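# Have a look at this prediction, sequence included:
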Amino acid sequence: MQNARIKKLVDLIQEQDYQGVAINPSPSLSYLSGLQLHLMERPSLLIITQHGNTVMILPKLEQGKIGEDSPIESVFTYGDDPATWPDVFRNAGAALGITTGKIGIEPTMMRFLELSYLQQALPGVEFVDGNQIFAQLRMRKDADEIVKMKKAAEIAQIALKKTLRAVHEGMTEKEIANELVIQLLRCGSDPKIPFEPIVAMGENSANPHAVPTNRTLQQGDVLLIDWGANFDGYFSDITRTFAFGAVDNEIHTLGRIVHQANRAGRKAGKPGLAAGLVDQAARSVISASGYGEAFTHRTGHGLGMEAHEAPYIYGENQAILEVGMTFTVEPGIYCPGKGGVRIEDDVVVTEDGLESLTDFPRQVLSLDDPLLSN
């Protein structure tokens, strides 16, 4: 599988007329090599040339991760003395045979640590933004990847139901978030969850990226939870909003509007259409209700081995949707001082439109609603 992915990458490198790409420990490195490496104080780097040559630079202590079936051809290792590291990079650079031209990097992943060693080893090479290559490489998921994402969604939804059974008055946002993490792991999520859960009560739910606090749950609170699971390296990302006791009527009004916007967004996408149309469909519902200025973010983002990746679902995006693309549809309305509602689903583009990978009840439900106990 990795060899086929490298072949696809090589085709993209040649299209851009690059000499190659350089990749830090990241989802892209795992996608191409199967290696699970993490960023640390020691540099690690995979370089793939336009001819398909693969060179890996990594610490000796990580060398055992490269198995016999690895697609990596050449490995350059080093010890703990940083003074020896520049020579290792120069030796790897010499093995590549690249002296001029461009090498693409992932701008959100490449660190100064690795880049500085590369620039010293390959002084005649220009290192450029290769984001488009990596986006094209991973945007369209195959059947196996979709199966993993469905499983990640299933794990997340089961974990939330188990968490909600433990929620009670006086519980803090942090306590609910902690319980949710425990349930995610118990229900089968890989240890590296996509992100720390967002748990926001009452007025805190008006902050789209709220961080859990010691704020306690009280009667009449809205409760917004944004969470996800990881199954075999693939993520889910879901948001639901609940009522604890008798919430303000406006919250239920917001819930109905956001539910309609979520449905409109999920119905708007299909192959051949611009990604921005999904945002426009969801946003038009909220704008028509009079809450347009309270929808303060894009309608969604790509999802897969990262919680945020291409394609990005904003109104001006003219990128064309293709079968296999996966992303979120997550409209929201946020009223400072009162609270907010967001409903987020994970979808995949199919021949017929958008298929939702998530099916947790979308309306704003009371925590004691029977739908949450099934």
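The structure has been received and is ready for your questions. Model, not experiment: these values are computed from the prediction.
# Low-confidence bits of the protein, can you list those?
Applying pLDDT under 70 to the chain flags residues 1, 374.
# where does the nearest residue to Ala307 once chain neighbours are set aside land in three-state SS?
Nearest residue to Ala307, sequence neighbours excluded (Cβ to Cβ, 6 or more residues apart in numbering): Pro194, at 4.2 Å. Every residue, glycine included, has its C-beta placed from N, CA and C. In terms of secondary structure, Pro194 is coil; the call rests on DSSP: H, G, I helix; E, B strand; the rest coil.
# Distance check, Pro194 against Met110.
In this view, Pro194 and Met110 are 21 Å apart by Cβ to Cβ, to the nearest Å.
# Pick out whichever of these two has more residues nearby.
Set side by side, Pro194 and Met110 show more neighbours around Pro194, with 23 against 20, by other Cβ atoms under 10 Å.
# My read is that the more buried one contacts Met305, right?
No. Pro194 is beyond contact range of Met305, at 9.7 Å (criterion: Cβ atoms under 8 Å).
# which neighbours do those two share?
Shared contacts of Pro194 and Met305 (Cβ atoms under 8 Å, 6 or more residues apart in numbering): Phe235.
# ends of stretch 130-149, how far apart?
Using Cα to Cα, to the nearest Å, the end-to-end distance of stretch 130-149 comes out at 26 Å.
# mind checking how far Leu39 is from Gln2?
21 Å.
# if you count what's nearby, which of these two comes out ahead?
Gln2 (17 against 14).
# Strands of the stretch 101-250 of the chain, start to end?
Assigned by DSSP state E, counting those that start in this stretch, the stretch 101-250 of the chain shows strands spanning 102-105, 126-129, 198-201, 221-227, 230-231, 234-235, 238-244.
# Oops, could you answer that again for the stretch 251-374 of the chain instead?
300-302, 309-313, 326-329, 332-335, 339-342, 345-350, 353-356, 365-366.
# Flag every buried residue along stretch 366-374.
367, 372 (16 or more other Cβ atoms under 10 Å).
# Please apply the same query to stretch 236-251.
236-244, 247, 251.
# How far off centre is it?
Relative to its parent chain, stretch 236-251 has a centroid offset of 24 Å by Cα atoms, centre = their mean, to the nearest Å.
# Could you do stretch 277-286 as well?
Counting by Cα atoms, centre = their mean, stretch 277-286 comes out at 22 Å from the chain centroid.
# Any chance you could give me it in CSV, C-alpha atoms only?
Extracted in CSV, the C-alpha atoms of stretch 277-286 (Å, rounded to 0.1, in the frame of the first residue of the first chain):
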residue,chain,number,x,y,z
LEU,A,277,-21.4,25.7,-1.9
VAL,A,278,-21.7,23.6,1.3
ASP,A,279,-20.8,26.6,3.4
GLN,A,280,-23.1,28.9,1.5
ALA,A,281,-26.0,26.4,1.9
ALA,A,282,-25.6,26.2,5.7
ARG,A,283,-24.8,29.9,6.1
SER,A,284,-27.9,31.0,4.2
VAL,A,285,-30.2,29.2,6.7
ILE,A,286,-28.6,31.0,9.6
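# How about the contacts made by Ala282?
Per Cβ under 8 Å, 6+ apart, neighbours of Ala282: 261-262, 264-265, 268, 299, 329, 331.
# Redo these as CSV? Include neighbour count.
Listed next are those as CSV, based on neighbours: other Cβ atoms under 10 Å:
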residue, neighbour count
Ala261, 28
Asn262, 24
Ala264, 20
Gly265, 29
Ala268, 23
Thr299, 31
Val329, 29
Pro331, 29
